[in-house]
Structure formats: C-alpha cells, structure tokens
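1. Would you be able to build a 3D model of this:
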Amino acid sequence: MLYSFRNTLYFIKIKGKAKIPDYIQVRDETLALIAYFRADHIENGLKQIDMPHHNDTIKEFIQSLDYGKLTYLKLN
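-> Numbers count the residues shown, from 1 in each chain. Presented below is the predicted three-dimensional model:
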C-alpha cells in the first residue's frame, strides 16, 4: 500500500545481529508503522512511502541515523 504525503516522518534504525541485516522503520505522526525495509535497500524502501520528490533528502537522512533512536524528519 502506498502511503499519502505527510509533513513529519519518524525513523528508527535497528541494528541486526549475525546474519540478520539492519532495518529501518518509518512511522507517521501517530507512530503507526508505514514502512519497514532493510537499511541496505533504501531505494526499494522509499517506494513504500511514495514520496519521490523527497527521496534524496530522506535517503541522506536515513544514512545519518543512529541505531535505536527514534528521530523525526519534518518535510515541507
């Protein structure tokens, strides 16, 4: 399901262990989970939230995330 545009997204980077890869959770303003994807497949994950005009901003933001910290990104 493609999700409609939001002003604020919350991100959590989850550290994988052993053979389990790192993951990214994307949540909306109500903290409902809207996307969950592998950290090494950001492009595919961004298709889930369907915001192509913000892809570069979101991708750069995801790469700078710390593990285990809920962090928000306010979009215009």
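
2. And what about the residue lying farthest from the centre of the chain, helix, strand or coil?
-> Among residues of the chain, the one most distant from the C-alpha centroid is Ala18; the distance is 22.1 Å, by C-alpha atoms, centre = their mean. Ala18 falls in the coil class when you classify it by DSSP: H, G, I helix; E, B strand; the rest coil.

3. Tell me, what's the model's pLDDT at it?
-> On the pLDDT scale, Ala18 is placed at 88.

4. from memory Asn55 sits against Leu46, does it?
-> Yes. Using C-beta atoms under 8 Å as the test, Asn55 is close enough to Leu46 to be in contact (5.2 Å). (Glycine included, C-beta is placed from N, CA and C.)

5. This structure: helices as residue ranges?
-> In chain order, the chain shows helices spanning 42-49, 55-63, with DSSP state H as the criterion.

6. Look up how far Tyr36 lies from the residue nearest the centre of the chain.
-> For the chain, the residue nearest the mean C-alpha position is Val26 (4.0 Å; C-alpha atoms, centre = their mean). For Val26, the distance to Tyr36 equals 7 Å [C-beta to C-beta, to the nearest Å].

7. got it, and Asn44?
-> Distance of Asn44 to Tyr36, computed by C-beta to C-beta: 11 Å.

8. who's more crowded, those two?
-> Neighbours per residue (other C-beta atoms under 10 Å) separate Asn44 from Tyr36, with Tyr36 holding more: 14 against 10.

9. For the more buried one, give me its contacts.
-> When the contact criterion is C-beta atoms under 8 Å, 6 or more residues apart in numbering, the partners of Tyr36 are Tyr23, Ile24, Gln25, Val26, Gly45.

10. can we see that at 7 Å?
-> Remark: with contacts taken as C-beta atoms under 7 Å, 6 or more residues apart in numbering, Tyr36 is in contact with Tyr23, Gln25.

11. Which secondary structure element of this protein has the lowest mean pLDDT?
-> Among the secondary structure pieces of the chain, namely its helices and strands, helix 42-49 has the lowest mean (mean pLDDT, DSSP states H and E), a mean of 87.
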